[in-house]
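Colleague: my questions are about this predicted structure, shown below with the sequence.
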Amino acid sequence: MVSCANAMMLCAGDAVQRDMVARFSGQAGQKQSRSFSANPLPVLRNLDWVRDMKLARDFRQFASWLPWSFTPRTADQGRHAAILYFDRIFDMGDLVSGLLYVDANQHYPEHNHDGQEMYFLISGTAEWRYGGHDDYRRLPAGNIIYNHPWDWHGVKAGDTPLLALFLLA
């Protein structure tokens, strides 16, 4: 998580983004482990395709041991998308953070919420609606996406699975 925070800080575009990443980095650096059980959902069957960055390749080694859950935004029960909240593994304070995994050629529905949100794209090229835009824009791994409160956003994964770290404040 600290490696992700360091990479995110290099990509953060403004003071708001840097502040969110700094909060995440501080929480990640002082993590208190919690007891959890692995929950490898069916969507993780394509983990071998997650490989765009070293962070993604490292992630593959332990992904199936994590407490994944299906998201209530989809009705697929973890067959095409999954979410991992870091606070199920560590005490992360008040910043909601985790991983979003969307299988190849699948989508995560458009939605909005009251908090600002940031995504760091770790693997996969995908079409994203974000940042107040009405259209989808194609972005590869290594990018940061930022949404103000109530911005509509969603994602359509490309030919490989999408893995993104998210921060929600």
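Modeller: Arrived safely, thanks for sending.
Colleague: remind me which residues of this protein are low pLDDT?
Modeller: Scanning the chain for pLDDT under 70 picks out 31.
Colleague: would you map the strands across it?
Modeller: 81-85, 96-102, 107-111, 117-123, 126-129, 137-139, 144-147, 153-157, 162-168 (DSSP state E).
Colleague: with mean neighbour count and distance to D14 as extra columns, can I get those in TSV?
Modeller: Every residue, glycine included, has its C-beta placed from N, CA and C. Supplementary listing: those in TSV, determined by neighbours: other Cβ atoms under 10 Å; distance: least, Cβ to Cβ, whole Å:
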stretch	mean neighbour count	distance to D14
strand 81-85	22	26
strand 96-102	22	19
strand 107-111	15	24
strand 117-123	24	11
strand 126-129	22	18
strand 137-139	14	18
strand 144-147	21	8
strand 153-157	20	18
strand 162-168	24	14
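Colleague: ok, which of these comes nearest A56?
Modeller: When the strands of the chain are ranked by proximity to A56, the top entry is strand 117-123, at 3.7 Å, counting by Cβ to Cβ.
Colleague: neighbouring strands for that closest one, and are they parallel or not?
Modeller: Sheet pairing here is set by DSSP bridges, and for strand 117-123 it gives strand 144-147 (antiparallel), strand 162-168 (antiparallel).
Colleague: Y108 is nearest to which of the ones you listed?
Modeller: It's strand 162-168; of those, that one is closest to Y108 (Cβ to Cβ) at 8.1 Å.
Colleague: C-alpha coordinates for the closest one, PDB please?
Modeller: Output in PDB follows, covering the C-alpha atoms of strand 162-168 (Å, rounded to 0.1, in the frame of the first residue of the first chain):
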ATOM      1  CA  LEU A 162      -9.100  -3.400 -14.600                       C
ATOM      2  CA  LEU A 163      -7.500  -3.000 -11.200                       C
ATOM      3  CA  ALA A 164      -7.700   0.400  -9.500                       C
ATOM      4  CA  LEU A 165      -7.000   1.600  -6.000                       C
ATOM      5  CA  PHE A 166      -9.600   4.100  -4.700                       C
ATOM      6  CA  LEU A 167      -9.700   6.700  -2.000                       C
ATOM      7  CA  LEU A 168     -13.000   8.200  -0.900                       C
END
